[in-house]
Structure formats: C-alpha cells, structure tokens
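Colleague: Sequence first, predicted model second:
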Amino acid sequence: MGYPSISLVLPTIGREGLEASLDAIVAAGISRHDELLCMVDGEHQLQTVDRICAHPIYKVAMVRTFLMMDNGGAWGHPGRNRGMGEVRRGDVVMFTQDDQLLVPGALRVVRSVLRADPEWKRKGHMFQVVPRNGGMMPVRDGETNLGHIDADCVCLPMDLSRYFSRWASDYNGDNAFICQTKAAMEVAGYGFAYHMALISVNEAKLDSYPEMFRVAEGAVA
C-alpha cells in the first residue's frame with residue numbers, strides 16, 4: 001500500500017555513493033505513489049543529473065531533479081529548504097543524502113508506523129538513524145543532542161508544513177532545524193512521536209550494521 005505517500009528530498013553533489021543511495025531508496029520501498037526530489041549541487045550538476053536519469057529508480061517512483069547554485073560548505077541545507085517547497089504529492093516529507101543509505105524496507109516501516117496511529121497527521125515523527133559520527137538517534141524519547149542528530153531521522157506531515165523551520169547553513173543545521181520545528185509545532189499544540197525503528201545508516205558506518213544491507217542482487221531490476 002502506498003499510503004501515506006512520501007516525498008523524499010535528496011540533496012546531492014554527485015558523490016561516488018549516489019547510485020548506492022538510489023539503490024537503497026528503491027530497496028527501502030519507494031513506490032509509484034511517492035516522489036523523489038533530487039536537489040543537485042556542486043561542480044558537475046549536469047553529469048549528476050545524467051547519473052540520476054540513468055538509474056532504474058525511474059521505474060518505481062516519480063523522480064524530479066532541480067539544479068542548485070553552488071552552495072559549497074552549506075551541507076545540502078539549501079537543497080532541503082527548496083525541496084520542502086517543491087513537494088507536490090507527499091503526505092509526509094522525509095530526507096536522505098548521497099552518503100546515507102536507507103535500510104531495506106525502511107519506507108514500508110515508516111508507512112506501517114504512521115498507519116497504526118490515527119493521529120499521525122497531527123505530530124512530527126522521529127526514527128532511529130546512524131549518522132556519520134556513529135551512535136543511534138534518537139536513543140531515548142525526545143533527545144536531539146547536537147552532533148547526534150541527522151536529517152534522515154525526521155518525518156513531517158505536510159498538513160503541518162506551515163510550522164517547518166528552515167535549515168541553517170552550518171553543519172548543525174540538522175539539529176537546529178529539528179529543534180526549531182519541534183518548538184514551533186509544540187507552541188501550536190502539536191507534538192513529536194519517537195519510533196525505535198532504524199531506518200538509515202551513514203555509508204561510513206556500514207561495517208557496524210552489515211545485517212541491515214544484505215539486499216539480494218537484482219533488487220533494483
């Protein structure tokens with residue numbers, strides 16, 4: 001089942017791991033009901049778009065690409081900001097990146113968790129991820145410690161998009177965005193739910209979580 005539909009925002013500078021990230025999105029369960037918004041930055045934008053267009057993900061989801069100005073040092077946050085404004089079909093918006101891999105089945109897990117909660121549209125949601133510096137977040141309800149948060153952990157209903165903050169232009173933008181969004185929503189009477197399900201692992205930490213990435217060959221046929 002493709003409900004709730006997901007808009008997944010992927011800022012990319014065309015890292016070597018881009019194809020692996022796209023493979024992981026397919027294995028995570030993206031569907032024809034969803035959209036992938038690729039915010040393409042960096043020196044080789046057209047080549048990066050060509051790589052995305054050549055990927056089989058086009059067979060299973062709506063993929064849209066956007067060229068960004070060179071925002072070197074901004075950690076993809078301008079792409080996330082614009083991507084949130086370009087959402088067209090998702091009931092929720094989520095994020096990933098070209099050095100982060102969604103766990104196989106992750107998006108199916110997200111859908112299942114949301115469908116099990118009749119009030120899911122009236123709160124934000126946070127799932128567990130393993131960011132670049134390791135560890136797993138959130139490790140307990142409500143924790144958003146600086147340096148232990150990652151864009152991939154947050155899932156936001158588009159019905160509450162007016163309460164979304166903006167990503168800051170420094171590396172701590174992940175933490176700032178999530179904390180500020182939580183604060184704005186809580187003032188308006190909406191909360192956050194925390195789900196102990198691992199959905200994403202940074203490529204640098206795969207050796208610590210190999211069992212999560214035993215995807216059968218041909219999964220992206």
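Modeller: All right, it came through fine. Residues are numbered from 1 along each chain as shown.
Colleague: buried set for the longest helix seen in the chain?
Modeller: The single longest helix within the chain, with elements called by DSSP state H, is helix 173-187. By 16 or more other Cβ atoms under 10 Å, the buried positions in helix 173-187 come out as 173-178, 180-182, 185. For every residue, glycine as well, the C-beta is placed using N, CA and C.
Colleague: per-residue pLDDT, Ile57?
Modeller: Predicted confidence (pLDDT) at Ile57: the value is 96.
Colleague: Identify the residues contacting the spatially most central residue of the chain.
Modeller: The centroid of the chain falls nearest to Phe95 when counting by Cα atoms, centre = their mean (1.8 Å). By Cβ atoms under 8 Å, 6 or more residues apart in numbering, the residues touching Phe95 are 8-10, 80, 83, 151-152, 154.
Colleague: Kindly reformat the buried residues of helix 173-187 as CSV containing distance to Asp50.
Modeller: As requested, the buried residues of helix 173-187 are arranged in CSV below (distance: Cβ to Cβ, whole Å):
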residue, distance to Asp50
Gly173, 29
Asp174, 29
Asn175, 34
Ala176, 34
Phe177, 30
Ile178, 33
Gln180, 36
Thr181, 34
Lys182, 38
Met185, 39
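Colleague: one step back: what pairs with the residue nearest to the centre of the chain across the strands?
Modeller: Phe95 has these beta-bridge partners by DSSP bridges: Val9.
Colleague: how far away is Val26 from Pro210?
Modeller: To Pro210, Val26 is 19 Å away according to Cβ to Cβ, to the nearest Å.
Colleague: just Tyr163 next, same as before
Modeller: Taken as Cβ to Cβ, the span from Tyr163 to Pro210 is 38 Å.
Colleague: just Ala61 next, same as before
Modeller: Distance, Ala61 to Pro210, using Cβ to Cβ: 26 Å.
Colleague: quick one: which of these two has more around it?
Modeller: Using other Cβ atoms under 10 Å as the criterion, Ala61 and Pro210 rank with Ala61 on top: 20 against 9.
Colleague: This structure: helices as residue ranges?
Modeller: Assigned by DSSP H, the chain shows helices spanning 18-28, 45-53, 77-85, 106-115, 173-187.
Colleague: JSON lines please, covering those and showing mean pLDDT and distance to Phe127.
Modeller: Converted to JSON lines, the helices of the chain look like this (pLDDT from 0 to 100; distance: least, Cβ to Cβ, whole Å):
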{"stretch": "helix 18-28", "mean pLDDT": "95", "distance to Phe127": "12"}
{"stretch": "helix 45-53", "mean pLDDT": "95", "distance to Phe127": "25"}
{"stretch": "helix 77-85", "mean pLDDT": "94", "distance to Phe127": "17"}
{"stretch": "helix 106-115", "mean pLDDT": "96", "distance to Phe127": "7"}
{"stretch": "helix 173-187", "mean pLDDT": "92", "distance to Phe127": "12"}
